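[1] Dropping a prediction and its sequence here:
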Amino acid sequence: MTASSRPGSDEAAWIAGEVVHPTALRLSIADHGFSVGDGLFETCAVRDGVPFALSRHLRRLMGSALTLGLDCPPVETLRQAVAETLHAAPRAGRVRLTVTSGAGPAGAMRADGPATVVVTAGPAPRRALRATVVELPWVRNERSPLTGHKSTSYGESVQGLRYARSRGADEALLANSRGELCEGLASNVLLEIDGIFVTPALDSGCLPGITRQLLLEWAEAAGLAVQEATLSMTVLDEVRSGRAGLLMTSSVRGVTAVSRLDGRRVVQGELAQALSDLYDRRSRDEIDP
Ligand SMILES: Cc1ncc(COP(=O)(O)O)c(C=O)c1O
């Protein structure tokens, strides 16, 4: 690492084979990640210097790169970049891997140049015990070519979060164009109804979240029922009227209970704590499940 390295640091960055301090990171203004948001990213929680569920994150990234025609470097290169970054930031709480299509013309046309890979490690975000959520007036397009991919095109999420913040909330829920419940701005969603958890099926257009998938697998093994379903947005009336609980899931925040939806208090489901504890326990025991 360069002169800016600090022992025991919780932040570092990697670009073109070199580990640098994040403030020293330099990216071409012609990079298509910068100019048109043409890229993919993954964010993993980091525990004791080791990224959680890295193999699943890399599989999702490589699968999306193939579908979107992004010429991603081999997975070993990405693993090495993550390892070198975390070596320079042993106290990091999260690591982000971004792959863009590299330098290109200012418009939508890509050039043939190599992809850009950037890894950044930083402190873990403060883990909120409860989330405050609003329903957004916009929809997720379940037929978009970017649906199901963790694209760096996050402009809609930026506007969504501005909307949520202006209403005192920290997350927001999206319907898809068919009026079905889809996901949060940066999380998947689970409802607890009559002792059963339900989560929107992937054809809703939600991201195939790593946390969501692990919960589906771990809950089944633990005898907790979690089902994928097509859910009309009217299911949120069950939440607003106190007949259902609501949980959000993401890699950096784990399982978070929702305490308010559109300003109404949300009851916590009877099994919500058990599901959250199950996730915490299994993710502590298995670093790359
Ligand atoms: C739109 C969206 N949905 C769901 C998630 C949760 O996915 P994961 O559990 O893989 O972090 C994220 C994470 O950032 C997201 O951006």
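    Perfect, I can see it now. Residues are numbered from 1 along each chain as shown.

[2] Tell me which residues of stretch 44-51 come out buried.
    44, 45, 46, 51 (16 or more other CB atoms under 10 Å). Placement of C-beta: from N, CA and C, glycine included.

[3] ok, the third one - contacts?
    Going back to what we said before, that points to residue 46. 52, 86, 92, 93, 94, 95, 121, 124 (CB atoms under 8 Å, 6 or more residues apart in numbering).

[4] From the ligand, how far off is the third one?
    Okay, so that is residue 92. 17 Å (CB to the nearest ligand atom, to the nearest Å).

[5] Residue 106 sits in which helix or strand?
    Counting by DSSP states H and E, no helix or strand carries residue 106.

[6] Pretty sure it sits against residue 32.
    No. Taking contacts as CB atoms under 8 Å, residue 106 lies outside contact range of residue 32: 9.4 Å.

[7] interface residues of the protein facing the ligand?
    For the chain, the contact set with the ligand under CB under 6 Å from any ligand atom comprises 183, 186, 187, 188, 207, 209, 210, 211, 212, 249, 250, 251.

[8] Output these in TSV; the columns should cover pLDDT, secondary structure and neighbour count.
    Listed next are the residues of the chain next to the ligand as TSV, based on pLDDT from 0 to 100; DSSP: H, G, I helix; E, B strand; the rest coil; neighbours: other CB atoms under 10 Å:
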residue	pLDDT	secondary structure	neighbour count
183	98	strand	24
186	96	coil	20
187	97	coil	26
188	98	strand	23
207	98	coil	21
209	98	coil	24
210	98	helix	25
211	98	helix	24
212	98	helix	24
249	97	strand	25
250	96	strand	23
251	96	coil	22
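
[9] Looking at those, which is nearest residue 173?
    residue 183 (7.6 Å; CB to CB).

[10] Identify the bridge partners of the closest one.
    Following DSSP bridges, residue 183 is listed with bridge partners residue 174.

[11] For the contacts of residue 46, which single residue is the most surrounded?
    Greatest neighbour count in the contacts of residue 46, by other CB atoms under 10 Å, goes to residue 121: 30 neighbours.

[12] The residue lying closest to residue 197 once chain neighbours are set aside: neighbour count?
    Nearest residue to residue 197 in three dimensions, chain neighbours excluded: residue 226, at 4.2 Å (CB to CB, 6 or more residues apart in numbering). By other CB under 10 Å, 20 other residues sit near residue 226.

[13] any idea of the pLDDT on residue 226?
    Residue 226 is assigned a predicted lDDT (pLDDT) of 94.

[14] who touches it in this structure?
    190, 196, 197, 198, 199, 215, 216, 219, 220, 275.

[15] Which residue comes closest to residue 64 once chain neighbours are left out?
    Using CB to CB, 6+ apart, the nearest residue to residue 64 is residue 149, at 4.1 Å.

[16] Just to check, residue 49 is in contact with residue 86?
    Yes. Between residue 49 and residue 86 there is a contact under CB under 8 Å: 5.4 Å.
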